[in-house]
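Peer 1: Pasting the sequence and the predicted model now:
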Amino acid sequence: MKKKVFSSWLMDIAKYIVTALILSTALSDKEYSLGYYLGCLVVVALIVFIGLSLLNEPKKKKKRKNN
């Protein structure tokens, strides 16, 4: 259960980064460079990938007893 909670937390962090990027772009007078946007995109993609990999934990196979 701990992995699912941590995965959810990582997804929330990714959403907060995207929200901060959108708000800072909308409310700022200066223009950000392409590197700024690509850096944020890479960080968000990495966080989402880690979060999804923790969420999709492989299920353990049950051993069948041969009678």
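Peer 2: Okay, I see it.
Peer 1: Roughly how far does the nearest residue to Val18 once chain neighbours are set aside sit from Leu27?
Peer 2: Counting by CB to CB, 6 or more residues apart in numbering, Val44 is the residue found nearest to Val18 once chain neighbours are left out, at 5.9 Å. In this view, the C-beta of every residue, glycine as well, is placed from N, C-alpha and C. With distances taken as CB to CB, to the nearest Å, Val44 is found 19 Å from Leu27.
Peer 1: Mind checking which of these two has more residues around it?
Peer 2: More crowded of Val44 and Leu27, by other CB atoms under 10 Å: Val44, with 17 against 7.
Peer 1: isn't the more buried one right next to Ala14, touching?
Peer 2: Yes: applying CB atoms under 8 Å as the test, Val44 and Ala14 come out as touching, 4.8 Å apart.
Peer 1: Quick check: buried residues in stretch 2-17?
Peer 2: The neighbour-count check on stretch 2-17 (16 or more other CB atoms under 10 Å) flags Ser7, Leu10, Met11, Ala14 as buried.
Peer 1: Can you tell me what sits against that stretch?
Peer 2: Stretch 2-17 is contacted from outside by Cys40, Val43, Val44, Ile47, Val48, Ile50, Gly51, Leu52, Leu54, Leu55, Glu57, using CB atoms under 8 Å, 6 or more residues apart in numbering.
Peer 1: Kindly report the same for stretch 31-50.
Peer 2: Under the contact criterion CB under 8 Å, 6+ apart, stretch 31-50 has outside partners Leu10, Met11, Ile13, Ala14, Ile17, Val18, Leu21, Ser24, Thr25.
Peer 1: The same query, at a cut-off of 7 Å, please.
Peer 2: Applying CB atoms under 7 Å, 6 or more residues apart in numbering, the contact partners of stretch 31-50 are Leu10, Met11, Ile13, Ala14, Ile17, Val18, Leu21, Thr25.
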